[in-house]
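*Asks:* Need coordinates for the below:
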Amino acid sequence: MRLLNGFADALPGGSARRPVLMLALGAFALGTDAFVISGVLPKIASDLGVTLPQAGLLITVFSGVYAFAAPVMAVVTGTASRRRVLMVSLACFTVANVLAAVAPSFGIMIVARAAAALVAGLYMPAASATAATVAPISERGRALAAVLSGLTVATALGVPIGTLIGQGLNWRYTFLFVAALSTVAWGALARALPPVPPAPIVSLGERLAAVAIPGVLGALTVTAVAVMGVFSVYTYLAWFASETAHLEGVSITVIYFVFGVCAVASNLLSGWLIDRHPPRRIVTLSLMGMVIVFGALWLFSRATLPRPTAVVILTALVACWAVVGWMFAPAQQKRLLHMAGPVGTIVLSLNSSAIYLGQAAAGILGGALLIRGPRTLTLVAAGCEVAAMVIFAITIAGQQEGTPGVPAAAVESAPHWSD
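*Replies:* Have a look, this model is predicted:
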């Protein structure tokens, strides 16, 4: 309840409140779709007759397409009506998830996931730009935060519910659940959203030019490597819970619920911390924490414990993982804003692509390691976080917090880690 109250408090007031809430509902549907597949991945693999590593390619395809589609689609549709873009993208997203729900083969499922990612990459930039347009200037920050909160809340509520549906009934109903969410969002937006003019266009050249700002490329690399470590385990978390704690069926939902709630709490905690401490300190704390947690998961995977004990320990470690891991993105985003100055929001969109590239690589990396068991998976995940720490240390050497970037005319918004 506190989570929902906090979300309501983040909404702008007046006539902008309802449209922004509906935009956030669409983001909630997209966030659920992006993460919920982890909880039903073993069932998809079994039903479609593929190995679990092959099924992991569904996440790689979704994340990879999103990483490249979001900036490209924002440019391609830059002159179109924001309302039309939002309505078309949600309608196509619904169709893509229905196709996933009825997919007769793995090949069709790949097509469905790629299509969902393509239109998700169309929706999120348009939703952020629209929220900033419909809200008063003094409340634009709250409007953007509210839309992005839809992605974060999806981790705490949408993913556990979708996992419960998939584990208790059938994984196909999970995608019908997502389709139902996006259908509701489509209908609500059709009633609540006024005509919205096109947003300023940021060309691909301007986006790529932002990478040349000192420190930005290194920071984006840190993001991609850190995310790769996190999602190499998260992608196969249901399998990991089954192998180490012998959790099966609906009981796996508990792990995803604990992870999601702690991730949301961590995002809120990180916001408080970065207002009081240098963001690089929070990034360092998060990376070190993930090394420790993955090391603890490695030790846990080596132990032979009674099932109740194993479940309690795994749940506690997953909670710690979510807390330290989800502190990373807000702090990293604030660092990027400091580096990039007036083009900070453009750099945030690049950081979003780096996040999804990391997730795409994680699906392949984690899948390749499954045959070696949970020990190797967690050890390599810890290694990724160590590598991210090394790159981070190199990139911040001699760099001062708050170094501004170069000016630019257009701005846009990008989602948080839990996009």
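
*Asks:* use CA for all of it now, contacts and neighbours both
*Replies:* Will do.

*Asks:* For this structure, give me the ranges with low pLDDT.
*Replies:* Applying pLDDT under 70 to the chain flags residues 1-16, 78, 137-142, 144, 197-204, 343-345, 398-419.

*Asks:* distance of Ile165 from Phe93?
*Replies:* Ile165 sits 20 Å away from Phe93, going by C-alpha to C-alpha, to the nearest Å.

*Asks:* How about Leu57?
*Replies:* Leu57 is 19 Å from Phe93, by C-alpha to C-alpha.

*Asks:* again, but for Glu243
*Replies:* From Glu243 to Phe93 the distance is 33 Å (C-alpha to C-alpha).

*Asks:* Among those two, which residue is more densely surrounded?
*Replies:* Phe93 (28 against 14; other C-alpha atoms under 10 Å).

*Asks:* surely that one meets Ala116?
*Replies:* Yes - if you go by C-alpha atoms under 8 Å, Phe93 and Ala116 touch, sitting 5.3 Å apart.

*Asks:* what about the residue of the chain most remote from its centre, distance to Thr223?
*Replies:* Centroid-distance maximum for the chain: Pro306 at 33.6 Å, with C-alpha atoms, centre = their mean. When C-alpha to C-alpha is the yardstick, Pro306 and Thr223 sit 37 Å from each other.

*Asks:* and if you look at Phe68?
*Replies:* Applying C-alpha to C-alpha to Phe68 and Thr223 gives a distance of 16 Å.

*Asks:* Of the two, which one has the most company?
*Replies:* Thr223 (26 against 18).

*Asks:* Now do the contacts for that one.
*Replies:* By C-alpha atoms under 8 Å, 6 or more residues apart in numbering, Thr223 lies in contact with 332, 351, 354-355, 358, 388.

*Asks:* Distance to Gly218 for the residues you listed - can I get that in TSV?
*Replies:* Converted to TSV, those look like this (distance: C-alpha to C-alpha, whole Å):
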residue	distance to Gly218
Gln332	12
Asn351	11
Ala354	11
Ile355	14
Gly358	14
Ala388	10
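
*Asks:* Can you give the domain ranges for the protein?
*Replies:* Domain assignment for the chain by automatic domain parsing gives 15-201, 204-419.

*Asks:* Please identify the deepest-packed of the ones you listed.
*Replies:* Mean neighbours per residue, mean count of other C-alpha atoms under 10 Å, is largest over the domains of the chain for domain 15-201, with a mean of 22.

*Asks:* now stretch 250-268, how far from the centre of its chain.
*Replies:* 14 Å (C-alpha atoms, centre = their mean, to the nearest Å).

*Asks:* cool, and stretch 106-123?
*Replies:* Worked out by C-alpha atoms, centre = their mean, stretch 106-123 lies 16 Å from the chain centre.

*Asks:* again with stretch 307-327
*Replies:* 19 Å.

*Asks:* same question, stretch 124-133
*Replies:* On C-alpha atoms, centre = their mean, the centre of stretch 124-133 falls 17 Å from that of its chain.

*Asks:* And for stretch 66-80?
*Replies:* 18 Å.

*Asks:* Check stretch 23-43 too.
*Replies:* 9 Å.

*Asks:* Please shift the residue numbers so they start at 492 in all later answers.
*Replies:* OK, 492 is where the count begins now, so the last one is stretch 514-534.

*Asks:* next one: phi and psi at the residue farthest from the centre of the chain?
*Replies:* Dihedral angles of Pro797 (phi, psi; degrees, to the nearest 10) stand at phi -60, psi 150.

*Asks:* any idea how far the residue lying closest to His737 once chain neighbours are set aside is from Trp730?
*Replies:* Nearest in space to His737, with sequence neighbours left out and distances taken as C-alpha to C-alpha, 6 or more residues apart in numbering, is Arg798 at 6.7 Å. Distance from Arg798 to Trp730, counting by C-alpha to C-alpha: 15 Å.

*Asks:* can you check Pro686 too?
*Replies:* Distance from Pro686 to Trp730, by C-alpha to C-alpha: 46 Å.

*Asks:* Quick check: Leu760 touching Met818?
*Replies:* Yes - the pair Leu760 / Met818 is scored as a contact, 7.4 Å apart, by C-alpha under 8 Å.

*Asks:* shared neighbours of those two, anything?
*Replies:* Counting by C-alpha under 8 Å, 6+ apart, nothing touches both Leu760 and Met818.

*Asks:* contacting residues around Asn758?
*Replies:* Asn758 sits in contact with 817-818, 821, where contact means C-alpha under 8 Å, 6+ apart.

*Asks:* SS state for it?
*Replies:* Under DSSP: H, G, I helix; E, B strand; the rest coil, the three-state class of Asn758 is helix.

*Asks:* One more: the one 4 residues further on?
*Replies:* Going by three-state DSSP, the secondary structure assigned to Gly762 is helix.

*Asks:* any idea which element the closest residue in space to it that isn't next to it in sequence lies in?
*Replies:* Residue nearest to Gly762 in three dimensions, not counting chain neighbours: Pro821, with 6.6 Å by C-alpha to C-alpha, 6+ apart. In this structure, Pro821 is located in helix 819-831 according to DSSP states H and E.

*Asks:* for Thr570, same thing?
*Replies:* With DSSP H and E as criterion, Thr570 is part of no helix or strand.
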